[in-house]
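**Q** Sequence plus the predicted model coming up.
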Amino acid sequence: NHRPPTAIRDLLKFKKSASIPLEEVEPIQEILKHFNTASISLGALSPETHMALAIAMNRIGGKSGSGEGGEDPMRFLPLPNGDNANSAIKQVASARFGVTASYLASAKELEIKMAQGSKPGEGGQLPGKKVSEQIAKLRHATPGVTLISPPPHHDIYSIEDLAQLIYDLKASNPRAKVSVKLVAESGVGTIAAGVSKAHADVILISGHDGGTGASPLSSIKHAGSAWELGLAETQQTLVLNDLRGRVTLRADGGMKTGRDVVIAAMLGAEEYGFGTAAMVAAGCCMVRQCHLNTCPVGIATQDPKLREKFKGTPEAIIHFMTGVASEVREILASIGKRSLQEIIGCPELLEPNLPENLPKVREIDLDYLLAQVDPEKKKANKWGGKRNDWDEEPLEKQILMDAKEALEGKGSVSLHYPIKNTDRSVGARIAGEIGYRYVNEGLPPGVEIELRFTGTAGQSFGAWLTKGMRLILEGEANDYVGKGMSGGELVLFPPQDSTFEAEKNVILGNTCFYGSTGGQAFIRGRGGERFCVRNSGGIVVVEGVGDHGCEYMTGGMVLVLGPTGRNFGAGMTGGKAYVYDEEREFQNRYNPELVKIEAAEHSEDVEEIEILLKRHAELTGSPVAKKILKNLKQNKKLFWKITPKETPQASVVRLPIEKKQAG
């Protein structure tokens with residue numbers, strides 16, 4: 001608080017006002033509810049540190065962020081001593097690691113990481129030395145192999161795509177809020193206005209200060225902007241457009257003291273995130289070796305010997321948070337305010353504090369930062385208390401009622417519905433309900449929910465599909481089919497009376513099976529671009545794909561019975577793909593940086609291909625599959641096998657699919 005001016009908030013001070021007794025200010029427990037820990041993944045952090053943060057924040061009524069690395073399902077349940085180690089904020093986008101229906105169902109808030117302050121527009125990266133067996137299992141990846149997150153723009157090209165992801169998440173978990181993490185930068189207010197209209201509940205403005213040890217040095221030093229600027233612009237833009245009452249604003253990026261919190265509140269934030277400071281409270285000694293797996297205090301490492309050195313406790317983290325909340329109370333008392341709520345969105349309580357002995361500082365104009373865009377306060381300047389939802393009656397509501405007995409484990413159901421392109425995220429609500437009721441187990445043995453549809457499905461058909469579900473669509477579908485699929489079976493084929501050749505036509509849109517972790521899908525027809533990106537466990541058969549197929553794939557298996565676009569297999573570090581290359585063009589279509597291709601003539605490869613072809617033919621009636629099977633001995637020479645160069649032989653994926661008849 002007394003350092004030389006380093007951040008913009010150091011040039012501000014509270015306007016003098018009559019003070020009130022400290023006992024008249026809201027209690028510490030109420031202030032602590034506004035605090036969060038920044039989303040740092042299990043993988044970047046050791047399991048012990050990750051759990052300590054979650055336990056601490058759950059005890060005080062705040063929220064901890066999971067980061068993008070998934071979480072052990074055992075943590076979704078209370079611990080024997082009554083503590084709760086479940087991260088309330090689960091980070092997700094279509095292709096984040098370890099996202100399953102139960103992961104989504106376990107959250108109080110689902111955070112879409114569009115970008116973070118210390119590395120705007122970049123995906124994350126976990127060095128191979130930190131990918132232990134436990135981390136690889138949670139992330140559905142290969143131990144020891146470096147993991148790369150696709151940058152957010154790979155599946156979110158527009159505000160409409162972001163709105164669809166928000167819709168998918170709310171469909172999956174109607175009990176959770178959805179937040180969007182944005183970078184503090186010039187123009188972020190306009191973006192935040194779009195995010196509010198896209199029905200997010202929380203907008204996080206992330207400042208450039210702080211960031212993980214996995215951020216490139218150039219980003220840490222030069223990217224992003226101060227949260228003070230981004231927060232002020234966002235608050236002003238939302239108020240001007242009468243959107244502020246729809247969302248909660250949160251800020252993070254180098255926050256450490258109660259003074260930081262109070263200034264953030266006055267500039268518009270209702271919630272406040274702590275990253276580096278929370279790590280220090282847990283025992284971090286800032287040696288900056290996070291990416292090397294050599295953290296000497298067992299915080300940012302997966303090395304078992306170093307993890308033993310972790311001495312942090314939830315109590316230490318709570319002690320720090322309590323100290324910050326105590327300072328907030330003291331400041332509130334000194335300016336005559338009884339609660340945080342009274343000062344949120346009130347920049348008039350601040351004024352410039354420009355030291356005369358610093359000539360450069362005297363030239364800074366803070367009028368923009370402290371501007372009052374609605375001085376008469378006719379528009380909302382803080383969250384209005386209602387969830388920011390759509391006003392509609394989705395098809396899923398009817399399906400949920402019809403499948404009630406199966407959800408309760410009382411027997412299987414088979415239901416049939418017409419579907420149109422305004423029916424979005426069909427299957428997501430059922431999957432989320434299964435995840436909520438049965439955690440990672442899926443429906444009880446012998447119970448299945450089969451949903452048959454006829455028509456054209458809207459976006460995200462079969463999103464978050466899970467164990468015990470079977471979706472069959474006779475028709476066609478839009479983008480994001482099977483997004484986040486973690487189990488079950490999805491079948492798609494053209495109408496029985498169609499006259500076109502399915503294998504020469506696109507039957508589903510772009511970015512399908514993005515981030516799938518399990519399950520099986522059989523598609524009669526071609527897929528669009530970015531097919532099976534970040535697939536980490538799904539088994540998918542399709543009859544052709546566009547550009548960037550199997551990008552960033554870490555597990556699972558894909559069989560392509562037709563042509564591919566360019567850049568196939570870019571960033572692929574796990575799993576396996578087979579491509580039927582009748583035209584012999586595939587050698588010019590794949591990305592050779594991380595993968596190798598070879599003829600799929602080994603007996604194990606041929607057996608896997610044959611099993612998938614038979615299943616595909618049974619479920620979809622595919623003429624292509626039947627034609628290949630008719631002379632497999634000859635046609636097997638036309639298949640390529642694509643595998644990562646780095647994958648250890650011991651962890652090569654094998655087909656777990658059963659040789660069974662179609663149901």
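**A** The structure has been received and is ready for your questions.

**Q** Please, where are all the helices along the stretch 251-400 of the chain?
**A** 258-267, 276-282, 304-307, 314-334, 359-362, 395-402 (DSSP state H, counting those that start in this stretch).

**Q** So which bits of the helix or strand hosting Ile31 are buried?
**A** Assigned by DSSP states H and E, Ile31 belongs to helix 28-32. Under the neighbour-count criterion of 16 or more other Cβ atoms under 10 Å, helix 28-32 has 28, 31-32 buried. Using the backbone N, CA and C atoms, a C-beta is placed for each residue, glycine as well.

**Q** Make a markdown table out of these and add distance to Leu473 and pLDDT.
**A** A markdown table is the format used below for the buried residues of helix 28-32 (distance: Cβ to Cβ, whole Å; pLDDT from 0 to 100):
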| residue | distance to Leu473 | pLDDT |
| --- | --- | --- |
| Ile28 | 54 | 98 |
| Ile31 | 50 | 98 |
| Leu32 | 48 | 98 |
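
**Q** Going by distance to Asn1, which of the residues you listed wins?
**A** Ile31 (17.6 Å; Cβ to Cβ).

**Q** pretty sure that closest one is in contact with Gln341, am I right?
**A** No: in this structure Ile31 lies outside contact range of Gln341 using Cβ atoms under 8 Å: 10.5 Å.

**Q** So Leu110, which state does it fall into?
**A** strand (DSSP: H, G, I helix; E, B strand; the rest coil).

**Q** do you know how far it is from Gly283?
**A** Taken as Cβ to Cβ, to the nearest Å, the spacing of Leu110 relative to Gly283 amounts to 29 Å.

**Q** Compare neighbour counts for the two and give me the winner.
**A** The residue with more neighbours, out of Leu110 and Gly283, is Leu110; 29 against 19, by other Cβ atoms under 10 Å.

**Q** If the more buried one is in a bridge, with which residues?
**A** With DSSP bridges as the criterion, Leu110 is bridged to Lys90, Val178.

**Q** Flag the shaky bits of this protein, pLDDT-wise.
**A** For the chain, the stretches with pLDDT under 70 are 93-95, 116-124, 150-154, 211-216, 647-653, 656-663.

**Q** how many neighbours does Thr454 have?
**A** Thr454 has 14 nearby residues by other Cβ under 10 Å.

**Q** pull the CA atoms of the helix or strand in which it is found into CSV?
**A** Thr454 belongs to strand 449-457 when assigned by DSSP H and E. What follows is strand 449-457, C-alpha atoms only, in CSV (Å, rounded to 0.1, in the frame of the first residue of the first chain):
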residue,chain,number,x,y,z
ILE,A,449,-32.1,-43.8,-22.4
GLU,A,450,-32.4,-44.1,-26.2
LEU,A,451,-33.5,-40.9,-28.0
ARG,A,452,-34.5,-41.1,-31.7
PHE,A,453,-34.9,-37.9,-33.7
THR,A,454,-36.1,-37.1,-37.3
GLY,A,455,-35.3,-33.8,-38.9
THR,A,456,-32.5,-31.2,-38.7
ALA,A,457,-30.8,-30.7,-35.4
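
**Q** which strands and helices sit next to that strand?
**A** strand 413-419, strand 469-477 (3 or more Cβ pairs under 8 Å, 6 or more residues apart in numbering; DSSP states H and E).

**Q** Any chance of the ones you listed in TSV with distance to Ala38 and mean neighbour count as columns?
**A** Output for these, formatted as TSV (distance: least, Cβ to Cβ, whole Å; neighbours: other Cβ atoms under 10 Å):
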stretch	distance to Ala38	mean neighbour count
strand 413-419	40	15
strand 469-477	34	24
